[in-house]
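Asks: coordinates only, sequence not included:
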């Protein structure tokens, strides 16, 4: 019930909540962590958030090394610790004002099988009110960020346009030539191999290929990239200053740390222009290799569709048909867990 409620909210919150949901999926795939344990933990959160006492004094300090268990503890002690640690870690991401004392008492009640202090009707009503409040808070936060980012972005672009070497196209895209290339330029139907780094206007790096040339179709990337790449030639290196309407617009891309109405700065090193068939084959080979490596290293920790799905969530990819794919896959996942 809670999971389905969250899915409906994910659709409404847009990308703002996606990060948290993927975290839940990750938790459910961890060794020892069962679906019912996570659902119970999340339900307990909905029940308890109304009691928001300051319990920080009773909590250990972040960064300290826990001594609750060690390699000399029994297996069940260590397993119990894993359950508890994962629950606490996930709850921190969901609700920062949790009353830890009440939470622990409620956990004991549930584990012992005693009757809940709240009726099913009370829990349902409280859960709906909590979801409504969190939705409103998320929307308000998104709206505030949108206003701030829009003003900051406009100021940045206005000042940046006056700098030496910076040119502005009719669309509003700004760019600076770092190194002029000598090869051919891509068209809108071509693919490219490019190394890149993406930053916010405050200098925060949100994504980087770390010097590696990555294959892209120009039809797959944001408008600012598509236009900017067509200005370049093979061997060229440009810095692009992408207005928000040519990037991720008013919604942003929360999972990548990109807020609404964010102006983005990319340094792009265009290595090679290629055709659609070659790029598609290269992309599939890379994804398959990454999926296999991650699944092998993580012991099947992540469902394969999540791994493939998250490949579409990295800048500079567009978000076309994002929600159609997302909702379909989430319902497939839930059906498989029943």
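Replies: Structure received. Quick caveat: nothing in here was measured; it's all calculated off a predicted structure.
Asks: does the spatially closest residue to residue 69 that is not a sequence neighbour sit in a helix, a strand or a coil?
Replies: Spatial nearest neighbour of residue 69, chain neighbours left out: residue 81 (4.5 Å); criterion: Cβ to Cβ, 6 or more residues apart in numbering. (Glycine included, C-beta is placed from N, CA and C.) Here residue 81 is helix, with the state taken from DSSP: H, G, I helix; E, B strand; the rest coil.
Asks: ok, residue 81 to residue 59 distance?
Replies: 16 Å (Cβ to Cβ, to the nearest Å).
Asks: ok, these two, which is more surrounded?
Replies: Using other Cβ atoms under 10 Å as the criterion, residue 81 and residue 59 rank with residue 81 on top: 16 against 9.
Asks: what sits against that one?
Replies: Residue 81 makes contact with 68, 69, 73 under the criterion Cβ atoms under 8 Å, 6 or more residues apart in numbering.
Asks: residue boundaries of the strands in this protein?
Replies: Using DSSP state E, the strands of the chain run over residues 166-168, 174-179, 191-200, 205-208, 214-217, 237-242, 264-274.
Asks: Just tell me which of those ends up closest to residue 126.
Replies: strand 205-208 (36.5 Å; Cβ to Cβ).
Asks: For stretch 261-270, what does the pLDDT average out to?
Replies: The average pLDDT within stretch 261-270 is 96.
Asks: cool, and stretch 152-163?
Replies: 97.
Asks: coming back round to it: residue 143 is nearest to which of the strands of the chain?
Replies: strand 191-200 (18.9 Å).
Asks: ok, and what's touching that closest one?
Replies: Under Cβ under 8 Å, 6+ apart, the answer for strand 191-200 is 186, 205-209, 211-218, 229, 257-258, 262-276, 278-280, 315-316.
Asks: Mind checking which of those are buried?
Replies: Buried residues within the contacts of strand 191-200, counting neighbours by 16 or more other Cβ atoms under 10 Å: 186, 206-207, 214-218, 229, 257-258, 262-274, 279, 315-316.
Asks: which of the contacts of residue 81 has the most neighbours?
Replies: That'd be residue 69 among the contacts of residue 81, by other Cβ under 10 Å, with 16 neighbours.
Asks: which secondary structure elements does the lengthiest helix in the chain contact?
Replies: For the chain, the longest helix by residue count, based on DSSP state H, is helix 120-160. If contacts are counted by 3 or more Cβ pairs under 8 Å, 6 or more residues apart in numbering; DSSP states H and E, helix 120-160 sits against helix 2-13, helix 15-28, helix 35-48, strand 237-242.
Asks: Pick out the shakiest of these, pLDDT-wise.
Replies: For the helices and strands packed on helix 120-160, where the average pLDDT is lowest is helix 2-13, sitting at a mean of 35.
Asks: Now for residue 235: which residues touch it?
Replies: Per Cβ under 8 Å, 6+ apart, neighbours of residue 235: 179, 181, 182, 183, 270, 271.
Asks: quick one: which of these is nearest residue 236?
Replies: Out of these, the member with the shortest distance to residue 236 (by Cβ to Cβ) is residue 181, at 2.9 Å.
Asks: Leaving out chain neighbours, which residue sits closest to that closest one?
Replies: residue 236 (2.9 Å).
Asks: do you know how far that neighbour is from residue 261?
Replies: 29 Å.
Asks: in stretch 196-204, what's buried?
Replies: Buried residues in stretch 196-204 (16+ other Cβ under 10 Å): 196, 197, 198, 199, 200, 201.
Asks: Go through these and name the one nearest residue 168.
Replies: residue 201 (15.9 Å).
Asks: Please tabulate the contacts of residue 81 in CSV, including the columns pLDDT and distance to residue 161.
Replies: CSV is the format used below for the contacts of residue 81 (pLDDT from 0 to 100; distance: Cβ to Cβ, whole Å):
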residue, pLDDT, distance to residue 161
68, 89, 57
69, 89, 59
73, 91, 62
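Asks: nearest to residue 172, of those?
Replies: Nearest to residue 172 among these, with distances taken as Cβ to Cβ, is residue 68, at 55.5 Å.
Asks: any idea how far the closest one lies from residue 84?
Replies: For residue 68 relative to residue 84 (Cβ to Cβ), the value is 8 Å.
Asks: next one: residue 145
Replies: 34 Å.
Asks: who touches residue 267 in this structure?
Replies: With Cβ under 8 Å, 6+ apart, residue 267 has these contacts: 178, 196, 197, 237, 238, 239, 240.
Asks: The fourth one against residue 268, yeah?
Replies: Yes: with contacts counted by Cβ atoms under 8 Å, residue 237 reaches residue 268, the gap being 7.0 Å.
Asks: how about residue 205, what does it touch?
Replies: 197, 198, 199.
Asks: hmm, 10 Å instead?
Replies: 197, 198, 199, 257, 265 (Cβ atoms under 10 Å, 6 or more residues apart in numbering).
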